[in-house]
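**Student:** Need coordinates for the below:
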Amino acid sequence: MHHADLAFAVIGGTGVYRIAELEDVESHLPETRYGFPSGPVRVGRIAGKRVAFLARHGEAHGVPPHRINYRANLVALQMVGATRVLALNTVGGITERFGPTVLACPDQLIDYTWGRISTLCEEPGTDVLHVDFGDPYSPAWRGQVVAAAQRAGVAMVDGGCYGATQGPRLETKAEIARMRRDGCDLVGMTGMPEAGLARELGLDYACLGIVANWAAGCGDAAEITMAEVLANVETASSGIPPLLRALLGGFGA
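**Tutor:** Here you go, the predicted model:
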């Protein structure tokens, strides 16, 4: 099951349940020490290079953000050979550069989630890990993602702070106003504990935020509808295939 030549793994968020460009697909559903991942890990080729894909919420979007088995998802990707993860996160925009349909590659995050299993140190008898998390997204890997976007001519905002909220409800205007004061540019529900667990597992991890809507009270935000969210995700996602091809261009055959 382990693919030594795997370039990287992609985790898909809301609205991204498959990568149409993936060819010669093999499916794996490994049982990890933390149970099963959200769905099958699809391993295939894009531009001749091997890539893994996993839908974070399951391919039928059946798992809410707080119930995702983030540990099993990441370990399953590690089991198929991933050392680098590109996380696609559908997010709301808070500050002016991060409006709907924007792609962003944040460099910071603030964790507002609670009650989620957020570490490999949960079980009695496991080693206690105090990993460095000053830069929550692996700087060198994030740099490769940003450079690939530039090569591919895909517009991307380089940097920004992702605020991870508990969900599954959307936030109040006061909560978003607090997040803006805290320095958040984007808001999502799945950025943590995923990024922290990736660091504990020794995986390189970068986030590609797909802005689906203005957060409550921001921009010209009216009531947020799922139809609008999914339409904006589809528009923004058109940049993802050329970005992936450009990113794969940096890997050997």
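
**Student:** What is the end-to-end distance of stretch 45-64?
**Tutor:** Counting by CA to CA, to the nearest Å, you get 29 Å between the two ends of stretch 45-64.

**Student:** so what's residue 9 up against?
**Tutor:** Under the criterion of CB atoms under 8 Å, 6 or more residues apart in numbering, the contact partners of residue 9 comprise 41, 51-54, 77, 80, 82, 84-86. (C-beta placed from N, C-alpha, C; glycine too.)

**Student:** Name the helix or strand for it, please.
**Tutor:** Assigning secondary structure by DSSP states H and E places residue 9 in strand 6-12.

**Student:** for residue 187, same thing?
**Tutor:** strand 186-188.

**Student:** quick one: stretch 31-41 to chain centroid distance?
**Tutor:** Centre-to-centre, stretch 31-41 and its host chain are 17 Å apart (CA atoms, centre = their mean, to the nearest Å).

**Student:** Buried ones in the lowest-mean-pLDDT helix or strand in the chain, by neighbour count?
**Tutor:** When the helices and strands of the chain are scored by mean pLDDT, DSSP states H and E, helix 226-237 comes last with a mean of 87. Going by neighbour count (16 or more other CB atoms under 10 Å), the buried part of helix 226-237 is 229, 232-233, 236-237.

**Student:** Tell me which helix or strand comes right after whichever strand or helix holds residue 151.
**Tutor:** Residue 151 belongs to helix 139-152 when elements are defined using DSSP H and E. Of the helices and strands lying after helix 139-152 in sequence (DSSP H and E), the nearest is strand 157-158.

**Student:** hmm, who's touching the helix or strand just after that next one?
**Tutor:** Of the helices and strands lying after strand 157-158 in sequence (DSSP H and E), the nearest is strand 161-164. Strand 161-164 is touched from outside by 89, 91, 94, 106-113, 179, 182-192, 207, 209, with contacts defined as CB under 8 Å, 6+ apart.

**Student:** Sort out for me which of those residues are in helices.
**Tutor:** Judged by DSSP state H, helices contain the following of these: 179, 182.

**Student:** List only buried entries from the contacts of strand 161-164.
**Tutor:** 89, 91, 94, 106-113, 179, 184-192, 207, 209.

**Student:** if we can go back for a sec, looking at the contacts of residue 9, state which has the most neighbours.
**Tutor:** Among the contacts of residue 9, the one with the most neighbours (other CB atoms under 10 Å) is residue 77, at 30 neighbours.

**Student:** Please name the nearest non-neighbouring residue to that one.
**Tutor:** Nearest in space to residue 77, with sequence neighbours left out and distances taken as CB to CB, 6 or more residues apart in numbering, is residue 9 at 4.3 Å.

**Student:** The one you found and residue 51: what is the separation?
**Tutor:** With distances defined as CB to CB, to the nearest Å, the gap from residue 9 to residue 51 amounts to 7 Å.

**Student:** and if you look at residue 77?
**Tutor:** Distance of residue 77 to residue 51, computed by CB to CB: 11 Å.

**Student:** mind listing the strands for the stretch 1-150 of the chain?
**Tutor:** With DSSP state E, counting those that start in this stretch, the ranges of strands along the stretch 1-150 of the chain come out as 6-12, 23-28, 41-46, 49-55, 84-93, 103-105, 108-111.

**Student:** Alright, calling it a day.
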